[in-house]
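1. I'll drop the sequence and a predicted model, then ask my questions.
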Amino acid sequence: GNSVTQMEGPVTLSEEAFLTINCTYTATGYPSLFWYVQYPGEGLQLLLKATKADDKGSNKGFEATYRKETTSFHLEKGSVQVSDSAVYFCALRGSGAGSYQLTFGKGTKLSVIP
Amino acid sequence: SQTIHQWPATLVQPVGSPLSLECTVEGTSNPNLYWYRQAAGRGLQLLFYSVGIGQISSEVPQNLSASRPQDRQFILSSKKLLLSDSGFYLCAWSVPPETQYFGPGTRLLVL
């Protein structure tokens, strides 16, 4: 079955530091890949997505590139802010017929300190 | 634009009591609807999904049930809550094969 593995947290960074959160996946075919963000006490918000190999998703300064050769979708940001403190989830949706479900990683908590 | 509502936002219930959580979506027709649970310190687990009125698929055996009485309404229920039902419940919608969008969630504490 499908699975997503993302780096264990928590991650603590100083403001303006570079962020990388690793995400690798196992899936057959050509899944779509997503990063969601959850701010404290809130639901999940879509941060970015990529639907085919070599696609780069980007939003709010965050980027992730769909690497089929390494089955990875690492999240990066060049300069984090305190407001980026949240839990980040990597997820995939399979490519088969009727593949509605998302498979999530366990989440990585990011804390950015001034 | 599409919006998704969940209520209540927070709920504290005694063990053995019934449960009803509601989710409604506005601004779209015939969406797929989903219920997820997020236990403390853990990832998200898909509980149920629905591709149409009256059509419910269950992903895990459990103490909960779901119903879809209207196109844009999804209800999560239980007849008797267990302590292990505590968690953060998230509803989501999608128009296949597109992205899932999540509601604000309901925090349930069973005492």
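-> In hand now; what should we look at?
2. Okay, and the beta partners of the residue nearest the centre of chain B?
-> Chain B has B:Trp35 as the residue nearest its centroid, 3.3 Å off, counting by Cα atoms, centre = their mean. Applying DSSP bridges to B:Trp35 gives these bridge partners: B:Phe48, B:Cys91.
3. do B:Ser58 as well
-> B:Phe48.
4. Tell me which stretches of the chain form strands.
-> Answering for chain A, as no chain was given. Secondary structure of chain A (DSSP state E): strands at A:3-6, A:11-14, A:19-21, A:23-26, A:32-38, A:44-50, A:56-59, A:62-65, A:75-77, A:86-93, A:102-104, A:108-113.
5. Not quite, go with chain B.
-> Ranges of strands in chain B, per DSSP E, are B:3-7, B:10-13, B:19-26, B:32-38, B:44-52, B:55-58, B:65-70, B:73-78, B:87-94, B:101-102, B:106-110.
6. can you list those in CSV and add mean pLDDT?
-> Formatted as CSV, the strands of chain B follow (pLDDT from 0 to 100):
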stretch, mean pLDDT
strand B:3-7, 94
strand B:10-13, 96
strand B:19-26, 96
strand B:32-38, 93
strand B:44-52, 91
strand B:55-58, 91
strand B:65-70, 96
strand B:73-78, 96
strand B:87-94, 94
strand B:101-102, 92
strand B:106-110, 95
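7. Dump those to JSON lines, plus distance to A:Ser83.
-> In this view, the C-beta of every residue, glycine as well, is placed from N, C-alpha and C. Below are the strands of chain B laid out as JSON lines (distance: least, Cβ to Cβ, whole Å):
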{"stretch": "strand B:3-7", "distance to A:Ser83": "23"}
{"stretch": "strand B:10-13", "distance to A:Ser83": "24"}
{"stretch": "strand B:19-26", "distance to A:Ser83": "28"}
{"stretch": "strand B:32-38", "distance to A:Ser83": "22"}
{"stretch": "strand B:44-52", "distance to A:Ser83": "23"}
{"stretch": "strand B:55-58", "distance to A:Ser83": "37"}
{"stretch": "strand B:65-70", "distance to A:Ser83": "35"}
{"stretch": "strand B:73-78", "distance to A:Ser83": "31"}
{"stretch": "strand B:87-94", "distance to A:Ser83": "22"}
{"stretch": "strand B:101-102", "distance to A:Ser83": "20"}
{"stretch": "strand B:106-110", "distance to A:Ser83": "23"}
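8. Which one, of those strands, ends up nearest to A:Ser58?
-> For the strands of chain B, the distance to A:Ser58 is smallest for strand B:101-102, at 18.7 Å, taking Cβ to Cβ.
9. what lines up beside the closest one in the sheet?
-> In the sheet, strand B:101-102 lines up against strand B:87-94 (antiparallel) (DSSP bridges).
10. By mean pLDDT, which helix or strand of chain A comes out lowest?
-> Lowest by mean pLDDT, DSSP states H and E among the helices and strands of chain A is strand A:102-104, with a mean of 89.
11. what's that strand packed up against?
-> Packing contacts for strand A:102-104, counted by 3 or more Cβ pairs under 8 Å, 6 or more residues apart in numbering or on different chains; DSSP states H and E, involve strand A:3-6, strand A:86-93, strand B:44-52.
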